[in-house]
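1. Here is my input; please provide its structure:
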Amino acid sequence: MFSKDTKRLAQNTLMLYFRQFLIIAVNLYTIRVVLNTLGANDYGIYNVIAGTVAMLGFLSNSMATASQRFFSFELGRNNEPVLKKIFAVTLLIYVLLALCVIFLAETIGLWFVCNKLVIPPERMNAVLWIYQFAILTFVAKIITTPYMSAIIAHENMSVYAYVSIVEVILNLLIVFLLSVLSYDKLILYGFLIFIVSLINTVLYHFYCRKHYNECRFRLLWDNTLLKEMGYYVGWNFFGSFCVVLKDQGVNILLNLFFGTLVNAAQAIASQVNSAIMSFAQNFSTALRPQIIKNYAANKHDEALKLVFGGSKFTYFLMYFFVMPLVLEMPYILKLWLKNPPEYSILFTRLVLINAVIESIIYPMTTLAHATGKMKLHQ
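-> Model prediction:
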């Protein structure tokens, strides 16, 4: 007979895969329509602008991993009073972080967009509009993160599936509105993406407030907890900054040297990569709480067994999906997009090969996070 934890892991994995198949199916359709509606230039412009804002988000990524780790750790100890403290401190830090992102985006970020990016002059007005919407979208995602961390720690992955159904419907509505409204398509697209992010934030907020006692906003400043989380976040900050340089930095360099058409090719490659990587990340997301909880309960053998088994499963899962795509990429992109941007085939093949290599480390990274000893890992 399977243990209770194994059954929960299998159930959570299936729910996350259901969510991801739903998102991928809609994204494949919406990307094709949006690319044809906006054109390669405007599609490239949107992705490089959104990427510029995302560069400000490495702090958010650091805090997201930290909050998930601390939630899962204390759940493994059945320590509800500390859980309440962690949520209160995390949410307060996220609000402050959102204010910092707005300040940086409206000063250094705005100067960079106006003076350094290669943008056709006639589209600069639209760029300034979508830049503001990209900032608001990113802030909405920052505020959502503590609530999503609580859901992951509680292993209630079915919530993702339910919210994803709403998100899928809204994304299809975006495609419909782009085709029927005559307003500037690029500005309209940025605005609608922000609205979808805002709705997701509201849904996660109300769910967590209703189901989890710790998810209440309280003004709390715990120096001991802040010091412990600060050490963890500080090294995560370093690692996240390196990831940002690797991903978004390349996107900006492509714009500076080759222009928005090459950004469009990179954007297609990134979309395919995100869809494929989500399979590895979803399994890792389902596995993460159990690894951390077992480590917190001093069940180190069980934690290592989950890590090694998870790494093997993740690698073969990725290999199964990626190899046919790499071999048949020209046919797949032409079938999907009809006229894919130049270089998109090469870029997509490269990022998928990289995805297979990276997939094996996700469960190992989770165990490193569980120990709290981040310096050597980062």
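2. Name the spans of the protein whose pLDDT lies under the cut-off.
-> 1-17, 20, 50-66, 160, 233, 237, 282-283 (pLDDT under 70).
3. what about the helices in the stretch 251-378 of the chain?
-> 260-296, 300-327, 329-337, 344-359, 362-371, 374-377 (DSSP state H, counting those that start in this stretch).
4. K84 reaches Y212, doesn't it?
-> No. Counting by C-beta atoms under 8 Å, K84 stays clear of Y212, with 9.8 Å between them. The way it works is simple: take the backbone N, C-alpha and C, and place the C-beta from them, glycine included.
5. quick revisit: in CSV, list the helices of the stretch 251-378 of the chain along with mean neighbour count.
-> Formatted as CSV, the helices of the stretch 251-378 of the chain follow (neighbours: other C-beta atoms under 10 Å):
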stretch, mean neighbour count
helix 260-296, 23
helix 300-327, 16
helix 329-337, 15
helix 344-359, 18
helix 362-371, 20
helix 374-377, 13
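6. Out of these, which is closest to N125?
-> helix 260-296 (15.8 Å; C-beta to C-beta).
7. and the closest one, how far out from the chain's middle?
-> The chain centroid and the centroid of helix 260-296 are separated by 7 Å under C-alpha atoms, centre = their mean, to the nearest Å.
8. ok, now stretch 232-239?
-> For stretch 232-239, the distance to the chain centre is 17 Å (C-alpha atoms, centre = their mean).
9. Check stretch 300-315 too.
-> That offset, for stretch 300-315, works out to 23 Å (C-alpha atoms, centre = their mean).
10. And stretch 209-220, by the same measure?
-> 24 Å.
11. now what about stretch 112-125, what contacts it?
-> 41-42, 45, 48-49, 52, 127-128, 131, 186, 252, 255-256, 259-260 (C-beta atoms under 8 Å, 6 or more residues apart in numbering).
12. in terms of contact, does Y189 touch Y43 like I think?
-> No. The pair Y189 / Y43 is not scored as a contact, 9.1 Å apart, by C-beta under 8 Å.
13. overlap in contacts of these two?
-> V34.
14. Type out the ChimeraX command that picks the buried ones from the contacts of stretch 112-125.
-> Buried subset of these, written as a ChimeraX selection, criterion 16 or more other C-beta atoms under 10 Å:
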select :41,42,45,48,49,52,127,131,186,252,255,259,260
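15. just curious, which of the contacts of stretch 112-125 is nearest to Y315?
-> Looking across the contacts of stretch 112-125 and measuring by C-beta to C-beta, the closest to Y315 is I252, at 31.0 Å.
16. How much space separates the closest one from L186?
-> 19 Å (C-beta to C-beta, to the nearest Å).
17. Equivalent analysis for M277, please.
-> Taken as C-beta to C-beta, the span from M277 to L186 is 27 Å.
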